[in-house]
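> Quick one: sequence plus predicted model below, questions after.
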Amino acid sequence: MASTAAAADGAPRQLVGALDQGTTSTRFILFDVATGSPVASHQMTHKQHYPHPGWVEHDPMEILDCAEQCIDEAVALGGVDPASVKAVGITNQRETTVVWDKYAGGVGWRSREGVGMC
């Protein structure tokens, strides 16, 4: 994935980004608006925490840090001006829900933690 600072016609390059939050990793991809071609990407894994049998939790701050680092790395790898990123879409697995608890962390979709409430 190569980058140039301007489009072929000399106009400033316009990009869109996609932030994908998965069960085990975060990925950010930059796309050229004019061509739809990928410009740069970066992916990082995050830890899975198993505090009890059948429970799966994630550290919400680690997920946020991964997202920020993925964005920064993709922008750096692409050699692009952050101002050229005109929009960012955020996606995750539809069945994934993270319940935020500032003391316990995030509860991932694979956790059996709430089985007694269902």
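Noted; the coordinates are in hand.

> What strand or helix carries residue 40?
strand 38-45 (DSSP states H and E).

> Give the buried residues for that strand.
Neighbour counts using 16 or more other CB atoms under 10 Å place 39, 40, 41, 42, 44 of strand 38-45 among the buried residues. (C-beta placed from N, C-alpha, C; glycine too.)

> Can you add pLDDT and give the residues you listed back as a markdown table?
Below are the buried residues of strand 38-45 laid out as a markdown table (pLDDT from 0 to 100):
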| residue | pLDDT |
| --- | --- |
| 39 | 96 |
| 40 | 97 |
| 41 | 98 |
| 42 | 98 |
| 44 | 97 |
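
> Need the max-distance pair from those.
Of all pairs drawn from those, the greatest distance, 18.3 Å, lies between 39 and 44 (CB to CB).

> show me what contacts residue 17?
When contacts are counted by CB atoms under 8 Å, 6 or more residues apart in numbering, residue 17 is found next to 28, 29, 30, 31, 71, 74, 85, 87, 88, 89.

> what's around the second one, how many residues?
When counting by other CB atoms under 10 Å, one arrives at 20 neighbours for residue 29.

> so what's it up against?
17, 18, 20, 38, 40, 41, 74.
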